[in-house]
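Trainee: fold the following and give me the result.
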Amino acid sequence: MERTVDRKDQWKLVVMAHMSKNPGSLLGAGWHKAATSNESEIKQWLKRWPNANIGVLLGPSSGIIDVEYDSDEGREILEPLLAECKTPTYKSSKSVHRLFAWEDCYKDQKAKFGYKGTEWRFGLDKAQSVIPPSRHESGVYYEWIIPPSECDVIALPDNAKKLLLDMQLDIHIPTVKAVVQAYPSTSLINSARMFIASTSWSELLLQRGWTLAKQIGDVSHWWRPGKNIGSISASLNYDNSDRLTVFSTEARPLEAERSYDKFAFICACDYNNDPVQCAKAINPIEYDFSNIRFSVENDDDLEVEKLPDDPGQFPTDCLFPPGLISRVSLYTLETSDEPQPILALAGAMSLLSVITGRKIRNERNNRTNLFVLGLGPSGCGKERPRNVNTEILTLSGGSQYLGPIAVGSGHGIEAQLREWPAKLFQLDEIGDLLKAIKKERSSGHMEIIVQKLKMLMTSSHTIYSNSAVSDAKMFFTIDQPHCCIFGTATPEKFWANLSLDSVEDGFLGRIIPLEVSGYAKTQHPLSISVPEDILDNVKEWLSFTPNTGNLASQSPEPVIYRMTQTAYDRHKKYCDAIDNKIPKDGSHRNTDGLWKRARGRAASLALLFSASRVGPSKNGFIDLCDVELAIKIANWITRKTIYKIATQSSENQWEADCQRVYNIIKQGQLGLSALVAKTRWLRSRDRREILETLISSGRIESFEESTKTKKRLIYRKKA
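Mentor: Sure, this is the predicted structure:
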């Protein structure tokens with residue numbers, strides 16, 4: 001019997017693997033572009049994949065949004081408002097979904113917003129919702145409550161829109177202490193400040209395109225120009241100071257986490273932060289300006305970016321996690337010419353990382369695939385842990401888990417994982433790969449390798465598909481690829497190839513760099529075989545099968561190692577502590593991404609340490625000791641990475657930024673406003689310093705150009 005889908009004609013559908021929510025599982029990374037409302041294409045999909053789950057693209061293309069709840073709290077909030085709405089409605093395993101009409105007022109929303117058990121999915125043509133007759137991963141089928149064939153899609157009721165706005169304001173009103181935007185105190189500037197004081201804030205903001213979002217007592221919350229919904233951009237009188245405190249990074253030229261009085265606001269918005277020119281324009285009194293000089297960098301009230309503290313050497317009490325990891329580490333040290341405990345730990349973690357692949361997971365669906373990087377000077381003993389891993393896997397009958405010692409292409413990595421979906425790549429001196437992370441001086445194929453590795457490492461819990469190819473026969477998928485890397489490099493090569501920009505790259509956040517302090521004292525290694533208890537433990541993992549059946553090896557269902565209550569509470573407290581340190585208004589620092597990934601890293605490490613301690617078991621659990629150890633290591637890794645980037649790659653980054661600005665200017669002369677628009681990634685202070693450096697070095701020059709109203713500052717390459 002031919003499978004049918006109850007839908008509206010304009011809805012654009014996608015398909016995904018059976019019992020999956022990932023549309024990329026069948027359609028690849030460009031799934032949203034493949035979404036279609038064409039009936040024949042949909043039928044072809046269902047003929048090719050008869051058990052596929054089906055989703056509808058949310059946003060203007062399909063003309064719908066999805067409002068749902070997945071908890072009792074969410075149900076109590078939404079049901080009184082939406083229960084009487086006759087619009088397409090269906091239920092999943094634990095949610096009730098209602099589809100409402102897309103409206104232009106949603107265009108400034110994010111793809112989804114969740115709060116207090118409710119979820120508002122706007123999609124923006126980049127997200128989808130699974131619809132009937134799909135099947136949830138729990139085995140429950142999605143079912144229509146009100147099928148689309150029985151009613152039209154209606155607009156979201158006004159009271160629900162008001163609820164959404166109130167929720168977004170509640171969750172997005174920040175509590176950070178902003179830095180005051182300060183200028184030197186001169187008679188000229190003070191006079192201008194006094195003169196502008198009589199103008200109301202509302203007048204200043206409304207004239208420049210700002211919109212009032214909400215008034216709470218003496219505090220008003222505002223949206224930046226071009227925005228009229230969602231999280232607030234700034235608050236007025238936030239700290240009873242009659243200042244505008246900015247939270248958004250999109251309120252340019254105003255800076256996030258900075259507080260402006262009226263003069264500073266006009267100065268930033270209209271005069272490119274030049275207080276002298278601003279004061280000249282505002283002040284009704286004639287002044288002799290010839291002796292006025294201004295340097296914002298010397299003002300004591302400005303925020304000074306402090307150098308992060310060095311967390312020191314790797315904590316010694318974390319070197320020997322209980323169980324298999326410590327036993328492998330000790331064997332490595334006993335048989336090494338130059339015993340390096342940190343490198344031994346790195347190798348043992350990598351070994352356990354690969355043999356537990358596709359066999360266990362935690363409740364968050366974290367897996368144990370790691371990218372461990374052992375850092376040390378040449379000749380410090382980095383090869384011994386690799387040799388131990390090769391020896392143990394070979395003797396245990398697990399040589400299929402070993403990947404090559406070098407990778408030449410992204411396709412090569414995919415081919416290895418198609419052959420055996422859990423692989424350990426032990427790569428020596430991976431300098432070219434590190435260059436590709438920074439995207440400087442690297443070959444194109446190395447950047448492709450980095451992207452492939454990132455995609456594979458983030459697909460360990462789902463189905464990975466290769467890139468679109470012209471020959472359909474070349475398309476393939478890998479169910480839960482478990483790609484593990486144990487790389488080695490010198491510290492100089494690793495840290496020099498990182499920058500503040502590369503922190504934004506999710507690949508860096510997944511690297512676990514473990515650095516030795518130097519050379520170890522040479523010893524006479526023991527000539528012993530791998531202990532039988534190690535081989536037996538590894539063999540147990542290799543033979544451990546989480547589920548049975550014909551497809552158990554192709555599509556395994558990993559055993560869930562659940563956290564005990566104390567372990568769960570500790571990890572939640574850790575995640576909350578990180579969340580509380582990260583701005584809630586959408587602004588961010590380069591290092592926020594590293595701290596966010598520290599949460600997942602701690603969860604994955606706790607799972608690995610539990611596996612080391614408990615061994616393969618269908619009743620495995622993660623205890624408090626596993627979580628405490630994981631958090632300590634995750635914190636050290638994150639702090640060390642931030643410290644090293646700040647201290648060792650800042651000069652390289654500065655030179656890179658200077659060259660980048662120079663490359664922009666040498667293409668043709670630019671006014672200051674145009675240059676600011678092309679260098680949005682820079683802070684105002686950094687931009688000024690770079691321009692001064694380029695001028696003083698003779699690479700560029702500046703001059704004034706008269707216009708009808710005022711003079712413009714122009715920059716160009718020096719002849």
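
Trainee: count of residues packed around residue 252?
Mentor: Here the number of neighbours of residue 252 (other Cβ atoms under 10 Å) works out to 16. Yep, even glycine has a C-beta here, placed from its N, CA and C like the rest.

Trainee: surely it and residue 679 touch.
Mentor: No - applying Cβ atoms under 8 Å as the test, residue 252 and residue 679 come out as separate, 11.4 Å apart.

Trainee: show me where the stretch 401-550 of the chain has strands.
Mentor: 422-427, 463-465, 477-479, 482-489, 511-515 (DSSP state E, counting those that start in this stretch).

Trainee: now do the last one, average pLDDT.
Mentor: Strand 511-515 carries an average pLDDT of 90.

Trainee: same check on the fourth one?
Mentor: This predicted structure assigns strand 482-489 an average pLDDT of 91.

Trainee: helices or strands next to it in the packing?
Mentor: Applying 3 or more Cβ pairs under 8 Å, 6 or more residues apart in numbering; DSSP states H and E, one finds that strand 482-489 makes contact with helix 341-355, strand 371-375, helix 383-395, helix 410-419, strand 422-427, helix 431-438, helix 444-457.

Trainee: output it in CSV with nothing but the alpha carbons.
Mentor: Taking Å, rounded to 0.1, in the frame of the first residue of the first chain, the C-alpha atoms of strand 482-489 are listed here in CSV:
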residue,chain,number,x,y,z
HIS,A,482,33.0,6.9,16.0
CYS,A,483,36.1,8.9,14.8
CYS,A,484,38.8,9.2,17.5
ILE,A,485,42.1,11.0,17.1
PHE,A,486,45.3,10.7,19.2
GLY,A,487,47.6,13.3,17.7
THR,A,488,50.9,14.6,18.8
ALA,A,489,52.7,17.9,18.1
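
Trainee: is residue 245 in a helix, a strand, or coil?
Mentor: At residue 245 the chain is in strand, as set by DSSP: H, G, I helix; E, B strand; the rest coil.

Trainee: isn't it right next to residue 261, touching?
Mentor: No - at 11.0 Å, residue 245 and residue 261 do not qualify as touching, with contact defined as Cβ under 8 Å.

Trainee: what do those two both touch?
Mentor: Shared contacts of residue 245 and residue 261, defined by Cβ atoms under 8 Å, 6 or more residues apart in numbering, are absent.

Trainee: mind jotting down where the helices sit in the stretch 601-719 of the chain?
Mentor: 624-648, 650-665, 672-678, 684-696 (DSSP state H, counting those that start in this stretch).

Trainee: which of those is buried the deepest?
Mentor: Highest mean neighbour count of the helices of the stretch 601-719 of the chain: helix 624-648, a mean of 20 (counted as mean count of other Cβ atoms under 10 Å).

Trainee: the inter-axis angle of it versus helix 341-355?
Mentor: Calculated by axes from the mean of the first three to the mean of the last three Cα atoms, to 10 degrees, helix 624-648 forms an angle of 120 degrees with helix 341-355.

Trainee: picking that back up, who has more neighbours, residue 245 and residue 261?
Mentor: Neighbour tally, residue 245 and residue 261, criterion other Cβ under 10 Å: the higher count belongs to residue 245, 23 against 20.

Trainee: and the helices of the stretch 601-719 of the chain: which comes nearest residue 425?
Mentor: helix 624-648 (20.2 Å; Cβ to Cβ).

Trainee: just checking, what packs against the closest one?
Mentor: Here helix 624-648 touches helix 491-496, strand 511-515, helix 565-581, helix 592-614, going by 3+ Cβ pairs under 8 Å, 6+ apart.

Trainee: of all these, which one comes closest to residue 6?
Mentor: Between the helices and strands packed on helix 624-648, helix 592-614 lies closest to residue 6; by Cβ to Cβ that is 37.6 Å.

Trainee: what packs against the closest one?
Mentor: Looks like helix 592-614 contacts helix 324-334, helix 341-355, strand 360-361, helix 565-581, strand 621-622, helix 624-648 (3+ Cβ pairs under 8 Å, 6+ apart).

Trainee: try it again at 10 Å.
Mentor: Applying 3 or more Cβ pairs under 10 Å, 6 or more residues apart in numbering; DSSP states H and E, we find helix 592-614 packed against helix 324-334, helix 341-355, strand 360-361, strand 511-515, strand 562-563, helix 565-581, strand 621-622, helix 624-648.

Trainee: could you list the buried residues of the fourth one?
Mentor: Pointing back at strand 511-515 there. Buried residues in strand 511-515, counted by 16 or more other Cβ atoms under 10 Å: 511, 512, 513, 514, 515.

Trainee: same check on stretch 262-277?
Mentor: Buried-residue list, stretch 262-277, by 16+ other Cβ under 10 Å: 262-269, 271, 273-277.

Trainee: do the same with stretch 144-152
Mentor: For stretch 144-152, the neighbour count (16+ other Cβ under 10 Å) marks 144, 148 as buried.

Trainee: what's it in contact with?
Mentor: Applying Cβ atoms under 10 Å, 6 or more residues apart in numbering, the external contacts of stretch 144-152 come out as 5-9, 11, 56, 64, 85-91, 96-99, 101, 131-133.

Trainee: just give me the least confident of the buried residues of stretch 262-277.
Mentor: For the buried residues of stretch 262-277, the pLDDT minimum is residue 276, 73.
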